[in-house]
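> Quick one, fold the following:
(chains A and B)
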Amino acid sequence: MEADLLNIQPASPEPIYRQIIAQLQRLISSGQLPPGEPLPSVRDVAGVHGVNPVTVSRAYSLLEAEGFLDRRRGIGMVVATRTRRAISDSARLEQLDRPLKEVVRQARELDLADQLVLERLKTLLKDEK
Amino acid sequence: MVGLIGRNGSGKTTLIRILMGLAQPNAGRAWICGEPALSPGDAVKARLGYVPQLPDAFGWMRVSDMFDLLATFYPDWDSQFVQQSMQRWNVDTKKRLARLSPGERQRVALTRALAARPQLLVLDEPASALDPVARRELLRELALRAADSGTTILFSTHIVSDLERVASRVAFLHEGRLLLDTSMDELKETHARLTVPSVSAASLAHALPGELRRRKRSDGSVSLVIARQPGQDWPAAAQMPGAQLETLSLEDLFIEVVE
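Residues are numbered from 1 along each chain as shown, chains lettered A, B, ... in the order given. All right, here's what the predicted structure looks like:
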């Protein structure tokens, strides 16, 4: 994996280490980052995104503790060969809560009927298949 | 990396000058590395680096001569780093310091401070003379260097985006007072804006736990900035009907608390 695949938004209310954790969790649980895939070094990520290396390393350590990453000598971090627990649909769905809540909030501000919003979401989901 | 942020005139430079023993406080005492800031011992002095806002020392010297001279003072001087850094930033080291642009002078001064490998480096608006691209580049360099060498960096700025990427700790200075001083991640996770609609606003007669700011809006609703302890829940008021809790970006939070 290359460091520039991460999308880091420093001005977001979400702390940078959480953004890194959430994105890697998504990529790993969906299989887009296969087991054994090496991760970019902390220095790489920090250099490419201009963020503090301490922040990146904090995210990596937490992902290691959660069983998403393994630390290999000489290589650095890789995607764990067997994730200690399969990541359930509901756990993955939970990761969508934050953006969905934002959609709900804006839908209310726009005074849109639920049905219209749901249909729009269905169309968008179909388009991206 | 600690970012000291405050508006112009909030006291950032004064605080730094007091820390560096360059100014005497009207009241209170300042300590640096466990020693009085006005008279630190030689061991502490040797571990300190300081770059003022407008570095103007050695103006008559050529850049290369100044670096050669300083190298003789510091046992740990990193001349390889000096060379790399001057090359990367395209500074002509044959020029006299007074002839450099303000941005170049700032970069030379930072290189000088970093080459001595200080344990504590204090920078007063280190990027003030640089354009946005160069600022980000410079702060990135500082963060990498700090992580490699274990240097603690305290830097002041009035620009929020300077802090967002690199600071691991943030201190808000306002009218000479420190309003907040916490880790960047914790700051974002423990502060939020709570908006309560007018129908429920009456039950908010007393300040909520952790309330920092309260503003009444023209429609009768109330907007609060609240802080919670790490790992604790938001106050129960966040569950009131119609209440909305939104997390805040650093910029929003800064504006909310200093306004």
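> near chain A, which residues of chain B show up?
B:1, B:136-137, B:139-140, B:143-144, B:147, B:161, B:164-168, B:184-185, B:188-189, B:244, B:246-252 (Cβ under 8 Å from any Cβ of the partner chain). Every residue, glycine included, has its C-beta placed from N, CA and C.
> and those, which of them are in helices?
B:136-137, B:139-140, B:143-144, B:147, B:161, B:164-166, B:184-185, B:188-189, B:250-252 (DSSP state H).
> Give me the buried subset of those.
Among those, those buried by neighbour count (16 or more other Cβ atoms under 10 Å in any protein chain shown) are B:136-137, B:139-140, B:143-144, B:147, B:164-166, B:184-185, B:188-189, B:250, B:252.
> separation between residue A:91 and residue B:177?
44 Å (Cβ to Cβ, to the nearest Å).
> That should have said residue B:118, apologies.
From residue B:118 to residue B:177 the distance is 28 Å (Cβ to Cβ).
> Settle it for me: which of those two has more neighbours?
The residue with more neighbours, out of residue B:118 and residue B:177, is residue B:118; 20 against 10, by other Cβ atoms under 10 Å in any protein chain shown.
> correct me, but the more buried one touches residue B:45?
No - assessed by Cβ atoms under 8 Å, residue B:118 is found out of contact with residue B:45, at 10.1 Å.
> how about stretch A:112-119 as PDB, C-alpha atoms only?
Taking Å, rounded to 0.1, in the frame of the first residue of the first chain, the C-alpha atoms of stretch A:112-119 are listed here in PDB:
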ATOM      1  CA  LEU A 112     -36.900  16.400   2.400                       C
ATOM      2  CA  ALA A 113     -39.200  13.400   2.800                       C
ATOM      3  CA  ASP A 114     -37.500  10.300   4.100                       C
ATOM      4  CA  GLN A 115     -38.600   8.300   1.100                       C
ATOM      5  CA  LEU A 116     -36.900  10.700  -1.300                       C
ATOM      6  CA  VAL A 117     -33.600  10.500   0.500                       C
ATOM      7  CA  LEU A 118     -33.800   6.700   0.700                       C
ATOM      8  CA  GLU A 119     -34.500   6.500  -3.000                       C
END
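> And that stretch, what's buried?
Under 16+ other Cβ under 10 Å, the buried positions of stretch A:112-119 are residue A:117.
> what about residue B:224, neighbour count?
Residue B:224 has 24 nearby residues by other Cβ under 10 Å.
> Assign it to helix, strand or coil.
Classification of residue B:224 using DSSP: H, G, I helix; E, B strand; the rest coil returns strand.
> wait, what's in contact with the nearest residue to it once chain neighbours are set aside?
In space, and not counting its chain neighbours, residue B:224 is closest to residue B:194: 4.6 Å by Cβ to Cβ, 6 or more residues apart in numbering or on different chains. By Cβ atoms under 8 Å, 6 or more residues apart in numbering or on different chains, the residues touching residue B:194 are B:208, B:223, B:224, B:225, B:226, B:234, B:235, B:237, B:238, B:243, B:244, B:245.
> do the same with residue B:203
Contacts of residue B:203 by Cβ under 8 Å, 6+ apart are B:237, B:240.
> what about 10 Å?
B:196, B:237, B:240 (Cβ atoms under 10 Å, 6 or more residues apart in numbering or on different chains).
> you'd agree the second one is in a strand?
Put plainly, it is residue B:237. No - with three-state DSSP as the criterion, residue B:237 is helix rather than part of a strand.
> Please enumerate the shared neighbours of residue B:118 and residue B:45.
Any residue near both residue B:118 and residue B:45 by Cβ under 10 Å, 6+ apart counts here, and not one turns up.
> Could I get the full set of strands for the stretch 101-250 of chain B?
B:120-123, B:152-157, B:169-174, B:177-183, B:191-196, B:211-216, B:222-227, B:244-247 (DSSP state E, counting those that start in this stretch).
> any idea of the mean pLDDT for the longest one?
In this case it means strand B:177-183. Averaged over strand B:177-183, pLDDT sits at 90.
> Could you tell me which other helices and strands it packs against?
strand B:2-5, strand B:169-174, helix B:184-190, helix B:250-258 (3 or more Cβ pairs under 10 Å, 6 or more residues apart in numbering or on different chains; DSSP states H and E).
> give me that answer again for 7 Å
Counting contacts by 3 or more Cβ pairs under 7 Å, 6 or more residues apart in numbering or on different chains; DSSP states H and E, strand B:177-183 packs against strand B:169-174.
> now do the first one
Of the remaining helices and strands, those touching strand B:120-123 by 3+ Cβ pairs under 7 Å, 6+ apart are strand B:48-51, strand B:152-157.
> Counting neighbours, show which residues of it come out buried.
B:120, B:121, B:122, B:123.
> Hmm, the first one is touching residue B:44, no?
Translated: residue B:120. No - contact criterion Cβ atoms under 7 Å: residue B:120 and residue B:44 do not qualify, at 8.8 Å.
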